[in-house]
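>>> dropping a prediction and its sequence here:
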Amino acid sequence: MSNKSKPMRDPRAEDLRRLGEKIRDQRRHKGLTQERLAESLGLSVAYISLIERGGRNPPYTTVVAIARALEAPASRLVAEE
(Lines give C-alpha, C1' and ligand atoms only; values in the text may rest on other atoms or scores of the structure.)
Protein backbone atom coordinates (compact mmCIF):
# COMPACT_ATOMS: atom_id res chain seq x y z
CA MET A 1 0.00 0.00 0.00
CA SER A 2 1.32 3.38 -0.99
CA ASN A 3 1.75 6.08 1.63
CA LYS A 4 0.93 9.22 -0.33
CA SER A 5 1.26 12.52 1.43
CA LYS A 6 0.38 15.99 0.33
CA PRO A 7 3.23 17.78 -1.40
CA MET A 8 5.02 20.26 0.83
CA ARG A 9 4.12 23.85 0.06
CA ASP A 10 7.07 26.00 -0.92
CA PRO A 11 7.60 28.38 2.03
CA ARG A 12 8.89 31.01 -0.40
CA ALA A 13 5.48 31.20 -2.06
CA GLU A 14 4.08 33.23 0.82
CA ASP A 15 7.11 35.56 0.71
CA LEU A 16 6.57 36.14 -3.01
CA ARG A 17 2.87 36.77 -2.47
CA ARG A 18 3.66 39.39 0.19
CA LEU A 19 6.28 41.04 -2.03
CA GLY A 20 3.80 41.25 -4.89
CA GLU A 21 1.12 42.65 -2.61
CA LYS A 22 3.46 45.38 -1.36
CA ILE A 23 4.49 46.28 -4.91
CA ARG A 24 0.84 46.46 -6.00
CA ASP A 25 -0.12 48.57 -2.98
CA GLN A 26 2.77 50.98 -3.53
CA ARG A 27 2.03 51.19 -7.28
CA ARG A 28 -1.61 52.02 -6.61
CA HIS A 29 -0.61 54.55 -3.94
CA LYS A 30 1.51 56.32 -6.59
CA GLY A 31 -1.44 56.25 -9.00
CA LEU A 32 0.37 54.11 -11.55
CA THR A 33 -1.11 51.42 -13.73
CA GLN A 34 0.72 48.19 -14.38
CA GLU A 35 1.21 49.44 -17.92
CA ARG A 36 2.94 52.64 -16.79
CA LEU A 37 5.16 50.81 -14.31
CA ALA A 38 6.10 48.17 -16.87
CA GLU A 39 6.87 50.83 -19.48
CA SER A 40 9.08 52.79 -17.10
CA LEU A 41 11.08 49.64 -16.34
CA GLY A 42 11.24 48.18 -19.84
CA LEU A 43 9.33 45.11 -18.65
CA SER A 44 6.14 43.51 -19.90
CA VAL A 45 2.80 44.10 -18.24
CA ALA A 46 2.42 40.33 -17.97
CA TYR A 47 5.65 40.12 -15.94
CA ILE A 48 4.56 42.93 -13.58
CA SER A 49 1.23 41.18 -13.15
CA LEU A 50 2.94 37.88 -12.32
CA ILE A 51 5.20 39.57 -9.77
CA GLU A 52 2.22 41.28 -8.13
CA ARG A 53 0.38 37.95 -7.87
CA GLY A 54 3.41 36.22 -6.39
CA GLY A 55 3.87 34.09 -9.49
CA ARG A 56 7.44 35.14 -10.19
CA ASN A 57 10.56 35.50 -8.09
CA PRO A 58 12.11 38.67 -9.52
CA PRO A 59 15.86 39.15 -9.25
CA TYR A 60 17.18 41.61 -6.67
CA THR A 61 18.02 44.14 -9.38
CA THR A 62 14.42 44.10 -10.60
CA VAL A 63 13.07 44.63 -7.07
CA VAL A 64 15.44 47.60 -6.66
CA ALA A 65 14.39 49.02 -10.05
CA ILE A 66 10.71 48.66 -9.11
CA ALA A 67 11.35 50.41 -5.79
CA ARG A 68 13.10 53.29 -7.58
CA ALA A 69 10.26 53.60 -10.09
CA LEU A 70 7.82 53.72 -7.18
CA GLU A 71 10.03 56.24 -5.35
CA ALA A 72 10.14 53.96 -2.32
CA PRO A 73 13.00 52.33 -0.45
CA ALA A 74 13.47 48.72 -1.47
CA SER A 75 13.31 47.83 2.21
CA ARG A 76 9.66 48.87 2.24
CA LEU A 77 8.93 46.19 -0.33
CA VAL A 78 10.83 43.37 1.32
CA ALA A 79 10.66 44.08 5.05
CA GLU A 80 8.55 41.75 7.14
CA GLU A 81 5.90 43.46 9.15
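Nice, thanks for sending it over.

>>> distance between stretch 14-29 and the chain's centre?
Distance of stretch 14-29 from its chain centroid, counting by C-alpha atoms, centre = their mean, to the nearest Å, is 5 Å.

>>> and the contacts of it?
For stretch 14-29, the external contacting residues (C-beta atoms under 8 Å, 6 or more residues apart in numbering) are 33-34, 37, 51-58, 63, 66, 70, 72, 76-78, 80. Any C-beta I mention is one placed from the backbone N, CA and C, and that applies to glycine too.

>>> same thing but 6 Å
Taking contacts as C-beta atoms under 6 Å, 6 or more residues apart in numbering, the residues outside stretch 14-29 that touch it are Leu37, Ile51, Glu52, Arg53, Gly54, Asn57, Ile66, Leu70, Ala72, Leu77.

>>> would you mark the buried spots in whichever helix or strand the first one is part of?
Put plainly, it is Leu37. Using DSSP states H and E, Leu37 maps to helix 34-41. For helix 34-41, the neighbour count (16 or more other C-beta atoms under 10 Å) marks Gln34, Leu37, Ala38 as buried.
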